[in-house]
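Novice: my questions concern the predicted model and sequence given below.
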Amino acid sequence: MTQNADVAARAAADSETPVYAGPGFSGPKWLPAAPLVLEEIEISQHLLVDIALRQVYLRSTCTIHLLSSLMKLSLELTEALFRKLVEQQYLEVRGMAGDDYVFALSPTGRRMATERATTVRYSGPVPVSLASYTAAVRAQTAHVRINRGILRKAFFDIILPDNLLDAIGPALVSQRSIFLYGPSGTGKTTISERLTRVYDDAVLVPYAVEVDGQIISVGDPAVHEQLPLDGLDIDPRWMYCRRPFLSVGGELVTTMLDLQRDEGTGTYMAPLQMKANNGILLIDDFGRQLMSPRDLLNRWIVPLDRRVDFLSLGSGRKFDVPFELMVVFSTNLEPSELADDAFLRRIPNKILIPAVDAETFDAIFRLTAAAAGIECEADICAYCREVCLRDGGDLRPCYPRDLCNAVRAIALYEDRKPTATRAEIDRAVAGYFV
């Protein structure tokens with residue numbers, strides 16, 4: 001398999017996730033009906049008032065436009081809420097800023113905000129109801145239509161043989177969990193990080209969800225990459241973003257799979273799988289986490305099978321949320337050492353990512369060297385293969401990248417142009433293989 005010279009020149013040899021233009025994004029499959037009056041907001045009016053007072057409490061003065069931005073409500077709803085709070089004598093007008101009111105808490109409002117701060121210290125966007133969140137996730141379940149050509153374009157910056165593309169493609173179409181296994185350095189993580197490229201649509205994710213009077217923060221800028229609205233008129237309590245991709249490795253612990261209470265705000269942080277809904281969650285280096293594989297598998301054996309997860313609030317209230325995501329397990333350990341048959345049956349897509357053949361290895365080396373601006377001696381690919389087979393035992397996709405990076409680093413250190421010669425490969429190998 002070969003790549004054209006333009007693509008090779010653009011690829012970054014030392015980058016794990018090169019920039020990808022991606023497909024054009026279509027609009028969301030599901031649009032929430034924006035509330036027109038305060039009573040249509042699906043949370044209690046008491047909680048709505050608490051959030052508004054808290055927002056003003058944290059600032060000496062506020063305006064309708066600012067409050068609208070902070071609470072993620074339309075200007076019309078925010079103005080209606082403002083007038084209601086003025087009538088209840090929780091707010092008092094201090095003046096005007098153009099055509100906007102400048103207001104602050106009245107003594108009554110300040111007393112109310114102070115009292116409520118013992119239980120409610122949330123000061124973010126107004127949450128949506130659990131019912132709305134569940135409907136949104138179910139309605140936005142991914143449906144992928146791809147073939148080998150589309151998949152090859154998605155993986156334009158790495159080289160994969162056709163048989164591997166033909167294993168990944170049906171797994172993506174199924175949108176069921178994937179188990180990637182094989183020796184370290186064969187590209188499992190690199191492949192996983194590019195899987196979301198096949199999605200050609202955007203999704204809506206709420207900033208927060210209300211359950212039994214408690215608030216769960218869901219929208220996370222580190223996970224949910226927002227897209228321009230381009231004229232879409234949506235309820236501002238929802239983020240318009242790419243389908244999420246979330247990766248976690250050895251740092252994974254049991255608590256990250258359950259609601260985590262923030263004592264500072266009295267709210268909850270959504271677990272990893274809830275943030276990754278309608279997208280992909282990568283469990284990298286599976287089997288090397290602080291929590292045991294058995295604990296993780298027992299926690300998810302029902303969600304993987306039934307597409308529903310169960311969470312608990314601190315009060316003991318249990319509730320279910322959708323588990324509409326594709327979980328990708330990536331490991332260089334033997335699958336039989338990590339899970340029993342009952343669990344592996346619930347991961348229908350098991351894909352071996354092996355070492356590569358000579359042709360693929362040479363193509364990877366040429367692509368990597370070209371991207372790094374390294375001039376290559378004749379037959380250097382064959383020599384690099386010989387060295388890697390001798391010292392590494394097989395041909396892994398990581399070897400060309402790592403050795404080219406070493407050659408480039410040596411050249412930069414010695415202030416000269418990087419060149420891949422037999423002598424330079426020997427220098428790179430001397431500090432690479434153990």
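Specialist: Nice, thanks for sending it over.
Novice: identify each buried residue in the helix or strand harbouring residue 411, please.
Specialist: Element membership of residue 411, judged by DSSP states H and E, is helix 398-413. Judged by neighbour count using 16 or more other CB atoms under 10 Å, the buried positions of helix 398-413 are 398, 399, 400, 401, 402, 403, 404, 405, 406, 407, 408, 411. Bear in mind the C-beta positions are built from the backbone N, C-alpha and C, glycine included.
Novice: distance of residue 178 from residue 92?
Specialist: Separation of residue 178 from residue 92 (CB to CB, to the nearest Å): 58 Å.
Novice: who has more neighbours, the two?
Specialist: A side-by-side neighbour count of residue 178 and residue 92, using other CB atoms under 10 Å, places residue 178 first with 25 against 14.
Novice: ok, that one - contacts?
Specialist: The contact partners of residue 178, taken as CB atoms under 8 Å, 6 or more residues apart in numbering, are 171, 326, 327, 328, 329, 347, 349, 350, 351.
Novice: let me have those residues in JSON lines, adding neighbour count, pLDDT and distance to residue 85 as columns.
Specialist: Output for those, formatted as JSON lines (neighbours: other CB atoms under 10 Å; pLDDT from 0 to 100; distance: CB to CB, whole Å):
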{"residue": "171", "neighbour count": "21", "pLDDT": "96", "distance to residue 85": "53"}
{"residue": "326", "neighbour count": "24", "pLDDT": "96", "distance to residue 85": "44"}
{"residue": "327", "neighbour count": "21", "pLDDT": "96", "distance to residue 85": "45"}
{"residue": "328", "neighbour count": "27", "pLDDT": "97", "distance to residue 85": "48"}
{"residue": "329", "neighbour count": "27", "pLDDT": "95", "distance to residue 85": "50"}
{"residue": "347", "neighbour count": "19", "pLDDT": "89", "distance to residue 85": "52"}
{"residue": "349", "neighbour count": "18", "pLDDT": "95", "distance to residue 85": "53"}
{"residue": "350", "neighbour count": "15", "pLDDT": "95", "distance to residue 85": "57"}
{"residue": "351", "neighbour count": "17", "pLDDT": "96", "distance to residue 85": "57"}
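Novice: let me have the buried residues of helix 398-413 in CSV, extended by pLDDT and distance to residue 99.
Specialist: Formatted as CSV, the buried residues of helix 398-413 follow (pLDDT from 0 to 100; distance: CB to CB, whole Å):
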residue, pLDDT, distance to residue 99
398, 95, 61
399, 96, 66
400, 95, 63
401, 94, 59
402, 96, 62
403, 96, 65
404, 96, 61
405, 96, 59
406, 96, 64
407, 96, 65
408, 95, 60
411, 96, 63
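Novice: nearest to residue 131, of the residues you listed?
Specialist: residue 398 (46.9 Å; CB to CB).
Novice: could you tell me the end-to-end distance of stretch 237-249?
Specialist: 31 Å (CA to CA, to the nearest Å).
Novice: please save the CA atoms from the helix holding residue 411 in PDB.
Specialist: Extracted in PDB, the C-alpha atoms of helix 398-413 (Å, rounded to 0.1, in the frame of the first residue of the first chain):
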ATOM      1  CA  CYS A 398       6.300   2.000  15.800                       C
ATOM      2  CA  TYR A 399       9.900   1.100  14.800                       C
ATOM      3  CA  PRO A 400      10.200   3.400  11.700                       C
ATOM      4  CA  ARG A 401       8.700   6.400  13.600                       C
ATOM      5  CA  ASP A 402      10.800   5.900  16.600                       C
ATOM      6  CA  LEU A 403      14.000   5.300  14.700                       C
ATOM      7  CA  CYS A 404      13.400   8.300  12.300                       C
ATOM      8  CA  ASN A 405      12.800  10.500  15.400                       C
ATOM      9  CA  ALA A 406      16.100   9.300  16.900                       C
ATOM     10  CA  VAL A 407      17.900  10.000  13.600                       C
ATOM     11  CA  ARG A 408      16.400  13.500  13.400                       C
ATOM     12  CA  ALA A 409      17.200  14.200  17.100                       C
ATOM     13  CA  ILE A 410      20.900  13.200  16.600                       C
ATOM     14  CA  ALA A 411      21.100  15.400  13.500                       C
ATOM     15  CA  LEU A 412      19.600  18.400  15.300                       C
ATOM     16  CA  TYR A 413      22.000  17.900  18.200                       C
END
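Novice: ok, and what's touching that helix?
Specialist: 13-14, 184-187, 361, 364-365, 368-369, 372-374, 384, 388, 392, 417-420, 424-425, 427-429, 431-432.
Novice: spatially central residue in the chain, please.
Specialist: Nearest residue to the geometric centre of the chain (CA atoms, centre = their mean): residue 245, 2.7 Å.
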